[in-house]
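J.: Structure of the sequence below:
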Amino acid sequence: MKLPNGPQITPLAQMVRWIANPMSFMETCAKSYGDIFTIRLKKNFPPMVMVSNPQALQQILTNDTKALEAPGDLNDLFESLVGKYSVITLSGAEHQRQRQLLMPPFHGERMRNYSQVITDVTQKVISQYQIGKPFNIRSATQAITLRVIMQAVFGLHEGTRAEKLQQFLGDILEKGSSRLNVALLYFPALQRDFGPINFWGKQMRRQQEADELIYEEIRERREQPDSSRTDILSLLMAARDEAGQPMTNQELRDELMTLLIAGHETTATALAWALYWIHKLPSVRQKLLQELDSLGDNPDPSIIFKLPYLNAVCSETLRIYPVAMLLFARVVRTPLSLGGYELEPGTVLLGSIYLTHQREDIYPEPKQFKPERFLERQFSAYEYLPFGGGARRCIGLAFAQLEMKLALAKILSSLELELVDNGEVRPKRRGFVTGQDRPIQMVIKSQGQVKSSILQTTTV
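T.: Here you go, the predicted structure:
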């Protein structure tokens, strides 16, 4: 079988580039080999065909249960974080069961229950920062998204357990986002302590302490059920599959960790990027404030969610540097013709969200931040796919969009912010997501109700 061309350097050299700077690696390959190419990251691992052509992506994502499958064992990099009963690491019928149990809390009226949590948490976090004192905006967005997860997902608002769990989970995610930790996940043989170098052991001990707190909470909820609770943990504990069976304690723990990993780090990163672009480009901020002004005081969250320019800004934020770089891997089940290549069963396919979002034929001047492109045309689900697609499309996408929009609206209408340094911030690997290559320092110029008229004298 002839696979598409790809870099000729050794698998180890490719792995080093992939861990160090995946965005640059993908762009270099696309420039040399086009929108379908083969990468090899390990000698004993099958080559992976990377795809960024919308027609090919459509073919992949609409064939998830036919010519292709999306097996969980290809996502075993995540197992040390989310466990083996996570919707990410399960396959087939087990994966489908978990998705069906997880879906209800993220739809309809239940989603609206979380609006107040998001707004209240955002207000509480941003009120802690002082006028004129520079701070790292990512620290603020991380605090917001972690507290939202703690309250909306875990149902923990205050108390010793809530504080401890928040601290442990924050530490796990912060330490786990380093390139060293990513390297350890790709090379399991290194997942042990080497004398005084005990990074992995420390991570596992933090995880164990967090797990003990999570299991304590689950046991307590089972012993003292409360049908009035609307947090996601309570809803998952009440959920039953087609056979009438509930989730086990371990399944609950693994799905809670999945929601934390998928819902905290990602949204915190996206919010930090959004605030950077909004304040780097004064015209974008001016238009956003005018749109928010038109709603008056205390607007309904459902109206904020539907604001066209706010939606365009959030969409462009997730387009230019998508937090998730790749679709989950697919494997060919029956012979498949894709992009002019005949692929045999067993071939691994990776859809590149990052490269698709950087295509000049879809997004002219792709390196420019232009929210207007989302007002001028509709993009297909295979041209714009920040939340993936097919059988493994992100379950929490509506929650993430709601959180992003409500947090931005609250921050922009409550604080007049300014970038300390207007220099360029570039994308860089942060764990499994596309983070920033340096801290984004901001400063508060004034607090209180911010109106678009404030900016008229400063906006050209």
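J.: which stretches of the stretch 301-450 of the chain form strands?
T.: 330-332, 336-338, 341-343, 348-351, 415-419, 427-430, 433-436, 441-447 (DSSP state E, counting those that start in this stretch).
J.: and for stretch 300-308, what are the contacting residues?
T.: Identification of contacts with stretch 300-308 by C-beta atoms under 8 Å, 6 or more residues apart in numbering yields 112, 115-116, 118-119, 291-292, 295, 310, 375, 401-402, 405-406, 409. C-beta here means a position set from N, CA and C on the backbone, and glycine is covered the same way.
J.: pLDDT averaged over that stretch - what is it?
T.: The pLDDT scores in stretch 300-308 average 93.
J.: From the opening residue of stretch 365-373 to its closing one, how far?
T.: End-to-end distance for stretch 365-373, by C-alpha to C-alpha, to the nearest Å: 11 Å.
J.: Would you mark the buried spots in it?
T.: With burial defined by 16 or more other C-beta atoms under 10 Å, the residues of stretch 365-373 counted as buried are F369, K370, P371, R373.
J.: Determine which two of those are furthest apart.
T.: Largest separation among these by C-beta to C-beta: F369 and R373, giving 9.8 Å.
J.: Identify the contacts common to those two.
T.: E316.
J.: picking up where we left off before, by neighbour count, which of the contacts of stretch 300-308 wins?
T.: Highest neighbour count within the contacts of stretch 300-308: I118, with 25 neighbours (other C-beta atoms under 10 Å).
J.: what helix or strand does that residue sit in?
T.: In this assignment (DSSP states H and E), I118 forms part of helix 115-126.
J.: Show me what that helix is packed against.
T.: For helix 115-126, the elements it packs on are helix 137-148, helix 301-305, helix 397-414, judged by 3 or more C-beta pairs under 8 Å, 6 or more residues apart in numbering; DSSP states H and E.
J.: roughly how far is that helix from the heart of the chain?
T.: Chain-centre distance of helix 115-126: 20 Å, with C-alpha atoms, centre = their mean, to the nearest Å.
J.: Residues touching that helix, excluding its own?
T.: Counting by C-beta under 8 Å, 6+ apart, 140, 143-144, 147-148, 151-152, 301-302, 402-403, 406-407, 410-411, 414-415 sit against helix 115-126.
J.: again, 7 Å this time
T.: Residues outside helix 115-126 that contact it (C-beta atoms under 7 Å, 6 or more residues apart in numbering): 140, 143-144, 147-148, 151-152, 301, 402-403, 406-407, 410-411, 414-415.
J.: Name the SS class of M247, please.
T.: coil (DSSP: H, G, I helix; E, B strand; the rest coil).
J.: which intervals of the stretch 301-450 of the chain have sub-threshold pLDDT?
T.: For the stretch 301-450 of the chain, applying pLDDT under 70 flags the ranges 450.
J.: So L156 belongs to a helix, correct?
T.: No. Secondary structure assignment (three-state DSSP) places L156 in coil, not in a helix.
J.: Check the burial of it by counting its neighbours.
T.: Using other C-beta under 10 Å, L156 has 19 neighbouring residues.
J.: how close does it get to Q166?
T.: Counting by C-beta to C-beta, to the nearest Å, the separation of L156 from Q166 is 8 Å.
J.: Identify the contacts common to the two.
T.: Jointly contacting L156 and Q166 under the rule C-beta under 7 Å, 6+ apart are M150.
J.: who's in contact with the closest residue in space to K133 that isn't next to it in sequence?
T.: Residue nearest to K133 in three dimensions, not counting chain neighbours: V443, with 6.9 Å by C-beta to C-beta, 6 or more residues apart in numbering. Taking C-beta under 7 Å, 6+ apart, we find V443 in contact with G132, K133, P134, E418, V420.
J.: Please repeat the previous calculation with a cut-off of 8 Å.
T.: By C-beta under 8 Å, 6+ apart, the contact list for V443 reads G132, K133, P134, F135, L417, E418, V420.
J.: same thing with I137?
T.: I137 sits next to A272, L275, Y276, I440, Q441, M442 when contact means C-beta under 8 Å, 6+ apart.
J.: L338 too?
T.: By C-beta under 8 Å, 6+ apart, the contact set of L338 is I36, V49, V51, A56, Q59, I60, L349.
J.: Quickly note the distance from E94 to D73.
T.: Per C-beta to C-beta, E94 is found 12 Å from D73.
J.: ok, of the buried residues of stretch 365-373, which one's closest to F432?
T.: Comparing the buried residues of stretch 365-373 against F432 with C-beta to C-beta places F369 closest, at 23.3 Å.
J.: next one: phi and psi at the closest one?
T.: phi -90, psi 110 (degrees, to the nearest 10).
J.: Quick one: work out the angle between the helix holding I118 and helix 397-414.
T.: Helix 115-126 and helix 397-414 are oriented at 50 degrees to each other (axes from the mean of the first three to the mean of the last three C-alpha atoms, to 10 degrees).
J.: Just want the angle from helix 115-126 to strand 441-447.
T.: Using the same axes, to 10 degrees: helix 115-126 against strand 441-447 is 100 degrees.
J.: Contacts for stretch 206-218 next, please.
T.: Stretch 206-218 is contacted by residues 80-81, 154, 156, 161, 164-165, 168-169, 171-172, 175, 233, 237, 249, 252-253, 256-257 when judged by C-beta under 8 Å, 6+ apart.
J.: Flag the shaky bits of the stretch 1-150 of the chain, pLDDT-wise.
T.: Applying pLDDT under 70 to the stretch 1-150 of the chain flags the ranges 1.
J.: Show me the strands in it, by range?
T.: Using DSSP E, counting those that start in this stretch, the strands found in the stretch 1-150 of the chain span residues 36-39, 48-51, 68-69, 135-136.
J.: For the nearest residue to P11 once chain neighbours are set aside, list the residues it contacts.
T.: The shortest distance from P11 to any non-neighbouring residue, by C-beta to C-beta, 6+ apart, is to R40 (4.5 Å). Contacts for R40 were tallied using C-beta under 8 Å, 6+ apart; they are G6, P11, Q14, P47, M48.
J.: which of these lies closest to P225?
T.: M48 (45.7 Å).
J.: Mind listing the residues bridging to the closest one?
T.: Beta-bridge pairing for M48 (DSSP bridges): I39, V348.
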